[in-house]
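Peer 1: just the structure for this:
(one chain, ligands or ions: 1)
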Amino acid sequence: ERFRHDYLEVRGLRVEFDGFVAVDGVDLTVTQGDLRFLIGPNGAGKTTIVDAITGLARCSGSVQFGRVELVGKPAHQIVRAGVGRTFQTASVFDELSVLQNLDIAAGSRRGLPTLLRRRRSVPEEVEQALETIGLTALADSPAGVLAHGQKQWLEIGMLLVQDAHLLLLDEPVAGMSHAEREQTGLLLQRIGEQRTVVVVEHDMEFLRTFASSVTVLHQGRVLSEGTVAQVQADPKVVEVYLGR
Ligand code: ADP
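Peer 2: This next block holds a predicted model:
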């Protein structure tokens, strides 16, 4: 059971920008098999938490993944510890094929010049990722011709082949059609069965359909946590979302 301990455990996370406390003592535990959504009003600290976990924002406190302490480690070591993230705008190489994008991502883990590989020697994990993200038929198409949703899936596939076991996704369905949202939700559910997935998302319909648990942030703190039904019924959440 190699991945049994692949849970995220954040304790007392704190991020300060020039005296402004953007993340103020956040605790967060996300286990494998959980599809956790982080929500909260603009400025609540969601992106900063992701930045802190991935080594892009200086922080204090503790962030453990698979029992490895990440706080204080440089970003590239955090990637090596199995942590991957996406941004709101997909960053794929438009001129390269879907397969080549995945191959490069896989190679960044192995340190091999994989770009020159022949099609027939596609590594197993790349083949598998292609199938998981539903882009097998487009393997040889340039990433630049992909639809917006497909690019996001490719980026997620790149995290899979990089062997990320904690995936932090920043608004993955922003700008997607309804059909793309559904497919993305199903994709994240599938990935969440074997990996730890944390999604920053505003789209409430998407959240209601796919979240297995929700953490609501407000002013840098955890305001509420639980199932969708539990946080929706929490008077503190209702107040923050409706009471202004
Ligand atoms: P969210 O993702 O929930 O909308 P953010 O994490 O982006 O919130 O921001 C949390 C707070 O931290 C906001 O008040 C924002 O203005 C502030 N903040 C974020 N990044 C920086 C930065 N680099 N320098 C100064 N303040 C920042």
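
Peer 1: just the strands in this protein please.
Peer 2: With DSSP state E, the ranges of strands along the chain come out as 8-17, 20-30, 35-39, 60-65, 68-69, 83-86, 166-170, 196-200, 213-218, 221-226.

Peer 1: now those in JSON lines, with distance to the ligand?
Peer 2: Backbone N, C-alpha and C define where each C-beta goes, glycine included. Listed next are the strands of the chain as JSON lines, based on distance: least, C-beta to the nearest ligand atom, whole Å:
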{"stretch": "strand 8-17", "distance to the ligand": "3"}
{"stretch": "strand 20-30", "distance to the ligand": "3"}
{"stretch": "strand 35-39", "distance to the ligand": "8"}
{"stretch": "strand 60-65", "distance to the ligand": "15"}
{"stretch": "strand 68-69", "distance to the ligand": "22"}
{"stretch": "strand 83-86", "distance to the ligand": "13"}
{"stretch": "strand 166-170", "distance to the ligand": "8"}
{"stretch": "strand 196-200", "distance to the ligand": "7"}
{"stretch": "strand 213-218", "distance to the ligand": "6"}
{"stretch": "strand 221-226", "distance to the ligand": "11"}
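
Peer 1: TSV for these, including mean neighbour count?
Peer 2: Shown next, in TSV, are the strands of the chain (neighbours: other C-beta atoms under 10 Å):
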stretch	mean neighbour count
strand 8-17	18
strand 20-30	18
strand 35-39	24
strand 60-65	18
strand 68-69	14
strand 83-86	24
strand 166-170	24
strand 196-200	25
strand 213-218	22
strand 221-226	18
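
Peer 1: L186: which of those strands is closest?
Peer 2: strand 35-39 (11.0 Å; C-beta to C-beta).

Peer 1: how far does the closest one sit from its chain's centre?
Peer 2: In terms of C-alpha atoms, centre = their mean, to the nearest Å, the centre of strand 35-39 is found 10 Å from the chain centre.

Peer 1: and what of stretch 200-214?
Peer 2: Offset of stretch 200-214 from its chain centre (C-alpha atoms, centre = their mean): 13 Å.
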